[in-house]
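**Q** using only what follows, build the 3D model:
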Amino acid sequence: MLFRPSAEIVLLLSITLLSCKSVQCRPQENDAQRRESNDLTKETQIGESKVYGLIHDDSEGKDAKQEKEDFDSKVLSVFENVQQKIINAWNPGAVIDKTKPEDWERNPIEDYEALRSGIVGVVDFIAKQINAVLDTPRKVTKKVNKSITRTLNDIGNKLVGLE
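**A** Numbering: from 1, shown residues only. I've put the predicted structure just below:
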């Protein structure tokens, strides 16, 4: 069952929304909050890079030093670079990258399609002829068997007196 709002609920919601637009629903910033937001936009120079809103005092910025890579980190970087070079050397590329266009563009069998269809047609014709020759004795036997059965039925009917 679907929820069908009544007229009273719709009217109440619309009045609430209209009253919220006429009165500011967001509280006003005071001076302290405005100063904090201005401080966050101040620019500070650390080394060669500019940073916004982290350090408000110039005296604190003088003690800041740019971070340098230490020995352990350099060893790990070299190790990761060597690993990456080994992975690149031992991973083969995709198979399609190593194939020539002649390998996938054309099928050489298509050149002999007419010859293939001719051979298939001749073999099919010969097979049908052989099957017809081999089926002939079976068909003759069936026909003779039916005529003998019919003749015997007629003779039996005359003997019994059904006719």
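
**Q** how close does residue 74 get to residue 139?
**A** 94 Å (C-beta to C-beta, to the nearest Å). Using the backbone N, CA and C atoms, a C-beta is placed for each residue, glycine as well.

**Q** ok, residue 90 next?
**A** 71 Å.

**Q** more neighbours, these two?
**A** Comparing residue 90 with residue 139 by neighbour count (other C-beta atoms under 10 Å), the higher total belongs to residue 139, at 10 against 7.

**Q** that's a helix at the more buried one, yeah?
**A** Yes: using DSSP: H, G, I helix; E, B strand; the rest coil, the secondary structure at residue 139 is a helix.

**Q** where's it relative to residue 146, distance?
**A** From residue 139 to residue 146 the distance is 11 Å (C-beta to C-beta).

**Q** got any residues that touch both of the two?
**A** Common neighbours of residue 139 and residue 146, counting by C-beta atoms under 8 Å, 6 or more residues apart in numbering, are absent.

**Q** what is the least confident helix or strand in this structure?
**A** helix 58-63 (a mean of 58; mean pLDDT, DSSP states H and E).

**Q** which parts of the helix or strand just after it are buried?
**A** Note on helix 58-63: by DSSP states H and E, the next helix or strand toward the C-terminus is helix 71-90. Neighbour-count burial for helix 71-90, counted by 16 or more other C-beta atoms under 10 Å, picks out no residue.

**Q** which other residues reach helix 71-90?
**A** residue 69.

**Q** export that helix as PDB, just CAs?
**A** Extracted in PDB, the C-alpha atoms of helix 71-90 (Å, rounded to 0.1, in the frame of the first residue of the first chain):
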ATOM      1  CA  PHE A  71      69.200   5.600   4.700                       C
ATOM      2  CA  ASP A  72      66.500   2.900   5.400                       C
ATOM      3  CA  SER A  73      64.100   4.600   3.000                       C
ATOM      4  CA  LYS A  74      66.700   4.900   0.300                       C
ATOM      5  CA  VAL A  75      67.500   1.200   0.600                       C
ATOM      6  CA  LEU A  76      63.800   0.300   0.300                       C
ATOM      7  CA  SER A  77      63.500   2.600  -2.800                       C
ATOM      8  CA  VAL A  78      66.500   0.900  -4.500                       C
ATOM      9  CA  PHE A  79      65.100  -2.600  -3.600                       C
ATOM     10  CA  GLU A  80      61.600  -1.700  -5.000                       C
ATOM     11  CA  ASN A  81      63.200  -0.300  -8.200                       C
ATOM     12  CA  VAL A  82      65.300  -3.500  -8.700                       C
ATOM     13  CA  GLN A  83      62.100  -5.600  -8.100                       C
ATOM     14  CA  GLN A  84      60.200  -3.600 -10.700                       C
ATOM     15  CA  LYS A  85      63.000  -4.100 -13.300                       C
ATOM     16  CA  ILE A  86      63.000  -7.900 -12.700                       C
ATOM     17  CA  ILE A  87      59.300  -8.100 -13.000                       C
ATOM     18  CA  ASN A  88      59.400  -6.100 -16.300                       C
ATOM     19  CA  ALA A  89      62.200  -8.300 -17.600                       C
ATOM     20  CA  TRP A  90      60.600 -11.600 -16.800                       C
END
